[in-house]
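Participant: what would the 3D arrangement of this be:
(2 chains)
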Amino acid sequence: MTTTAPARPMTTAGPVRRGPASRMAALGRAELTLLLRSRAALFTAVVLPGVMAVSMRGLVKSLDLGGTGLSIATVLLPGTLAMALFFSIYTNLVGVYVTRRESLVLKRLRTGEVRDWEILAGGALPAVVLAVVQCVLLAVGLTVVLDAPAPDAPHLVVVGLLLGMALLVVGAALTAAFTRTAESAQLTFLPFMMASMAGSGLFLPREVLPDAVAGISAWLPFSPVMDLLRGGWTGDLGGMDQGRALLMALAWTAVAALGVRKWFRWSPRH
Amino acid sequence: MNTVIETVGLKRSYQDFDAVRGIDFTVARGELFALLGTNGAGKTSTLELLEGQAVPSGGTVKVLGRDPFRDRAAVRHRIGVMLQEGGFPPELTVLETVRMWAGCTSGARPADEALALTDLSGRSKVRVKQLSGGERRRLDLALALLGRPEVLFLDEPTTGLDAQSRRDTWDLIRELKAQGTTVLLTTHYLEEAEQLADRLAIMHKGLIATTGRVEDVVSERPSRISFQLPQDRFLGELPPLAPMGVTRHSNEGGTVLLETRDLQRTATELLTWAHHTGVALHALDVRSASLEEAFMEIAKGLDEEETR
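Facilitator: As a prediction, the model looks like this:
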């Protein structure tokens, strides 16, 4: 072994302290490297959203949208972006958090300077960046293919995407809390994703659901995100509804964050 | 004395089990303090409290004058931690792992310096999953050293290392200590404690059974002589035991065990007697007190106390 450099003098103030941004960037970079090395994760996060967009197009074409004020474009575009968020962020991160926990990476990280929320947020960075890139590509691509109009209220699309990403990152951590192994992480993302697809209007707009079902499904966690995204394209979402969607999405994210705080485990169960 | 670590009445309880039942010790700056103990003695539970991983159920702990859990921001960048079993993503290379950790560490050494310290320079492009168990331990140590910590917590740092790597690691720890690093380590290997520790504590069932300098802990223990008497001889034929310096004796199935605090005198008189009487002492074993004996006896003694 070689000689160590002298220990740092104890009288000085010490070296420059690393801040949260540096720490999260380092974790995000490592997580990106890992994502690029995992074919299964790459397929889910990169390929699936595009495939879903193509297959959803057939389904949406067969829908009777008469009287809903919606078009193929205003159903398909928000739905595709939402699917991209689910696959790039939610599905992906449930697996990431569980795998890192089970291989004792989270436990080791917690002995250092990095704080708990930085570990979760830093680990989510590549997924979030990937989701943003996917959303831009899919939105532009579909607009061209469908010859769709530009969003009427683009700021609502942006707000919807931001809220959706926050909700799904926190939701992934919460789901990971109830997932015991990396294998079961391939299933545990399904309930929330299925419920959102069916109830929040990813595939089928809630407008075509029976009234009683639509009334309940409006309260699902991902429904306000869909309202904002669709409202962004149609421009039909009124001020009150915008506020309601915003508050509801934030409330669900806060509830999920409290759940993470209470239930998230940083090391495997013995 | 500049105290770096101080615990007072430290306790840690899990739901149905008291892992640490009230321990007190201090470690001075630049000292190497070893926590010894059987499995389940409470070493790792204690270490986790010192590292600020958990809140004590009772008592207090101070590291560098602060509460390591509540004042973590003031403590963490000055300590280095190596867990008994830490994890790294298997698909990252050694260098990528060090870089990730460096980005999370204030005043981190350059990656190549950290790897050179633990003799991993030649392995920097290898994925973690391809490392041997010993190499993984050394990577873990490299990360603990990355921020040039003032205080180093090492939980069984050499478990799983081959003999050569263990010696190298000891050399490295000695060197860090020579530079003023305070080290607290746990170990199963009594030799490791004898080699490295200025002071040690032997834990058993959540308590510190004994603590002090290695020589002091050892010198509290008697030396031993054991041998087998021929079948036609009796213990009573030996010279009077007490004047020989024997403090305790036993005879089990012909195997005689003598304990003494004056090994040279007892051994001399025993061998002189055997020589004059022409008795052959089979399986003769003469040994000074060692840390191992101290350890075994403490473990045994406390067990007996408890069953009483």
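Participant: next, count neighbours for residue A:200.
Facilitator: 24 (other CB atoms under 10 Å in any protein chain shown). (Glycine included, C-beta is placed from N, CA and C.)
Participant: sorry, that was for residue A:198
Facilitator: If you count neighbours by other CB under 10 Å, residue A:198 ends up with 15.
Participant: what do you get for residue B:230?
Facilitator: By the criterion of other CB under 10 Å, residue B:230 has 11 neighbours.
Participant: give me phi/psi at the closest residue to chain A within the stretch 151-300 of chain B?
Facilitator: Chain A sits closest to residue B:179 of the stretch 151-300 of chain B, with a gap of 4.2 Å, by CB to the nearest CB. Residue B:179 adopts backbone torsions of phi -90, psi 0, taken as degrees, to the nearest 10.
Participant: what's the residue of the stretch 101-250 of chain A found nearest chain B in contact with, if anything?
Facilitator: Minimum separation of the stretch 101-250 of chain A from chain B (CB to the nearest CB) falls at residue A:104, amounting to 2.8 Å. Going by CB atoms under 8 Å, 6 or more residues apart in numbering or on different chains, residue A:104 touches A:267, A:268, B:83, B:85, B:86, B:87.
Participant: out of those, grab the one that's most surrounded.
Facilitator: Counting neighbours by other CB under 10 Å, residue B:83 comes out on top of the contacts of residue A:104 with 23 neighbours.
Participant: residue A:107 is in contact with that residue, correct?
Facilitator: Yes. The pair residue B:83 / residue A:107 is scored as a contact, 6.9 Å apart, by CB atoms under 8 Å.
Participant: packing partners of the worst-scoring helix or strand of chain A on mean pLDDT?
Facilitator: Least confident helix or strand, chain A: helix A:48-61 with a mean of 83, by mean pLDDT, DSSP states H and E. When contacts are defined as 3 or more CB pairs under 8 Å, 6 or more residues apart in numbering or on different chains; DSSP states H and E, helix A:48-61 sits against helix A:72-85, helix A:116-146.
Participant: just the mean pLDDT for the last one, thanks.
Facilitator: This means helix A:116-146. Averaged across helix A:116-146, the pLDDT comes to 94.
Participant: quick check: the residue of the stretch 1-150 of chain A nearest chain B.
Facilitator: Residue of the stretch 1-150 of chain A nearest chain B, by CB to the nearest CB: residue A:26 (2.2 Å).
Participant: what does the pLDDT read for residue B:263?
Facilitator: Looking at residue B:263, its pLDDT reads 92.
Participant: from memory it sits against residue B:288, does it?
Facilitator: Yes. Applying CB under 8 Å, one finds residue B:263 in contact with residue B:288, separated by 6.0 Å.
Participant: okay, and the common contacts of those two?
Facilitator: residue B:223.
Participant: more neighbours: the two, which one.
Facilitator: Neighbours of residue B:263 and residue B:288, each counted by other CB under 10 Å, are more numerous for residue B:263; the result is 19 against 13.
Participant: ranges for the strands of the stretch 101-250 of chain B?
Facilitator: Along the stretch 101-250 of chain B, counting by DSSP state E, counting those that start in this stretch, strands occupy B:151-155, B:182-187, B:199-204, B:207-213, B:223-228, B:246-252.
Participant: residue ranges with poor pLDDT in the chain?
Facilitator: I went with chain A, as the question did not name one. For chain A, the stretches with pLDDT under 70 are A:1-15, A:270.
Participant: not quite, go with chain B.
Facilitator: Applying pLDDT under 70 to chain B flags the ranges B:1, B:301-308.
Participant: residue in it with the shortest distance to chain A?
Facilitator: For chain B, CB to the nearest CB, closest residue to chain A: residue B:103, 2.2 Å.
Participant: not counting sequence-adjacent ones, nearest residue to that residue?
Facilitator: In space, and not counting its chain neighbours, residue B:103 is closest to residue A:26: 2.2 Å by CB to CB, 6 or more residues apart in numbering or on different chains.
Participant: I'd say the one you found and residue A:122 touch.
Facilitator: Yes. With contact defined as CB under 8 Å, residue A:26 counts as touching residue A:122 (7.3 Å).
Participant: can you pick out the residue with more neighbours from the two?
Facilitator: Between residue A:26 and residue A:122, counted using other CB under 10 Å, the more crowded position is residue A:122 (26 against 22).
Participant: wait, what's in contact with the more buried one?
Facilitator: The contact partners of residue A:122, taken as CB under 8 Å, 6+ apart, are A:23, A:24, A:25, A:26, A:27, A:28, A:31, A:114.
Participant: so which of these is the most crowded?
Facilitator: Neighbours here mean other CB under 10 Å. Within the contacts of residue A:122, the largest count is held by residue A:27, at 26 neighbours.
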